[in-house]
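**Q** below are the sequence and a predicted model; questions follow.
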Amino acid sequence: MAAIMKISKFNIVPATKKHTATLFFFHGSGDCGKHIKSTIDMLNREELKFPHIKIVYPTAPAQPYTPNNEMISNVWFNRKSVSNNVSEEEHSIDSMCHMLVQLIDAEQSNGIPCNRIIVGGFSMGGALSLYLAYRYKLSLGGCVVMSSFLNKNSLIYKYLENNKIEKTPPLLQFHGDLDTIVPIEWGKETCNNLKKLGVNATFVPLKNIDHELIVTEIQDFKQWLNNILPE
């Protein structure tokens with residue numbers, strides 16, 4: 001599984017001027033960094049880039065994925081099924097998040113403060129971002145998730161309940177109201193649970209949208225990102 005694998009593929013967009021902040025953006029299950037980057041660039045009508053923010057689009061290691069009949073797929077962690085009613089695969093999540101924390105720490109070693117580093121992602125990549133921001137690296141500058149959810153009784157909920165966290169990263173969460181893969185109710189429940197545990201979370205429903213990224217979502221995300229990480 002992911003514990004013995006390495007994240008070796010990255011698509012990186014450097015800051016066009018002085019690099020003072022970093023965004024890690026994670027793709028959904030079965031996808032890759034190159035494809036999610038091209039999708040975002042297409043919706044943005046040009047390559048998404050910033051004067052001061054470096055963007056990193058990693059590709060998940062290939063590993064067996066239970067919901068896909070154990071076929072090898074680029075996934076961040078394993079799941080018993082795509083459902084919010086099953087227990088999480090804690091070892092799989094731990095292994096991946098520890099690897100990604102090393103990448104975040106490397107940015108810090110290169111002079112980028114942790115509160116100037118943001119994690120985000122689509123679908124499974126969004127769930128991964130939630131694990132990172134609210135269980136493994138709570139000093140991050142923010143978290144943005146798109147069409148994502150946490151399982152009931154998630155490791156995150158238990159962690160936040162058992163630890164008195166004075167400040168957590170702000171959360172921006174988008175979700176299509178016609179999502180046929182991850183029902184919007186799962187996303188709303190995730191957001192409400194995190195709010196109850198002290199997270200400053202904003203939930204943005206997307207009208208008549210399925211499990212996909214859209215233009216207005218990227219536009220709103222860009223504005224939020226510039227507010228959180230000003231030059």
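**A** Happy to help now that I have it. Numbers count the residues shown, from 1 in each chain.
**Q** run the chain-centre distance for the lengthiest helix in the chain.
**A** If you go by DSSP state H, the chain has its longest helix at helix 90-109. Distance of helix 90-109 from the chain centroid (CA atoms, centre = their mean, to the nearest Å) equals 13 Å.
**Q** ditto for stretch 106-121
**A** Here the centre of stretch 106-121 is set off from its chain's centre by 14 Å, with CA atoms, centre = their mean.
**Q** for that stretch, C-alpha coordinates in CSV please.
**A** These are the backbone C-alpha positions of stretch 106-121, laid out as CSV (Å, rounded to 0.1, in the frame of the first residue of the first chain):
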residue,chain,number,x,y,z
ALA,A,106,10.0,20.7,2.7
GLU,A,107,8.2,23.9,1.6
GLN,A,108,8.7,25.2,5.1
SER,A,109,12.4,24.4,5.0
ASN,A,110,12.6,26.4,1.8
GLY,A,111,11.3,29.5,3.6
ILE,A,112,7.5,29.3,3.2
PRO,A,113,5.7,29.6,6.6
CYS,A,114,3.1,26.9,7.2
ASN,A,115,0.3,29.5,7.4
ARG,A,116,1.2,30.4,3.8
ILE,A,117,0.6,26.9,2.6
ILE,A,118,-2.9,25.8,1.5
VAL,A,119,-4.2,22.3,0.6
GLY,A,120,-7.1,21.6,-1.6
GLY,A,121,-8.6,19.0,-3.9
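**Q** need the strands for this structure, in chain order.
**A** In the chain, the strands defined using DSSP state E lie at 9-13, 21-26, 53-59, 62-65, 71-74, 117-122, 142-146, 171-176, 201-206.
**Q** so which elements touch the last one?
**A** Put plainly, it is strand 201-206. strand 171-176, helix 184-196, helix 215-228 (3 or more CB pairs under 8 Å, 6 or more residues apart in numbering; DSSP states H and E). C-betas here are computed from N, CA, C, even on glycine.
**Q** chain center to the longest one, what's the gap?
**A** Using CA atoms, centre = their mean, the distance from the centre of helix 215-228 to the centre of the chain it belongs to is 15 Å.
**Q** burial count for the spatially closest residue to Leu229 that is not a sequence neighbour?
**A** Using CB to CB, 6 or more residues apart in numbering and skipping the chain neighbours, the partner closest in space to Leu229 is Ala21 (4.2 Å). Applying other CB atoms under 10 Å, we find 25 residues neighbouring Ala21.
**Q** what's near enough to touch Ala21?
**A** Ala15, Phe50, His52, Ile53, Lys54, Ile112, Arg116, Ile117, Ile118, Gly141, Leu229 (CB atoms under 8 Å, 6 or more residues apart in numbering).
**Q** now it: how far from Pro113?
**A** Look at Ala21 and Pro113: by CB to CB, to the nearest Å, they are 9 Å apart.
**Q** near Pro64, how many other residues are there?
**A** The tally of other residues near Pro64 (other CB under 10 Å) stands at 13.
**Q** for the residue lying closest to it once chain neighbours are set aside, what are phi and psi?
**A** Leaving aside its sequence neighbours, Pro64 sits nearest to Glu70 (CB to CB, 6+ apart; 4.5 Å). Backbone torsions of Glu70, given as degrees, to the nearest 10, read phi 70, psi 10.
**Q** how many other residues sit next to Glu70?
**A** With other CB under 10 Å as criterion, Glu70 counts 11.
**Q** my read: it touches Arg79, true?
**A** No: contact criterion CB atoms under 8 Å: Glu70 and Arg79 do not qualify, at 11.9 Å.
**Q** hang on, the earlier thing: quick one, which of the helices and strands packed on strand 201-206 is packed in tightest?
**A** Counting by mean count of other CB atoms under 10 Å, strand 171-176 has the highest mean neighbour count of the helices and strands packed on strand 201-206, with a mean of 24.
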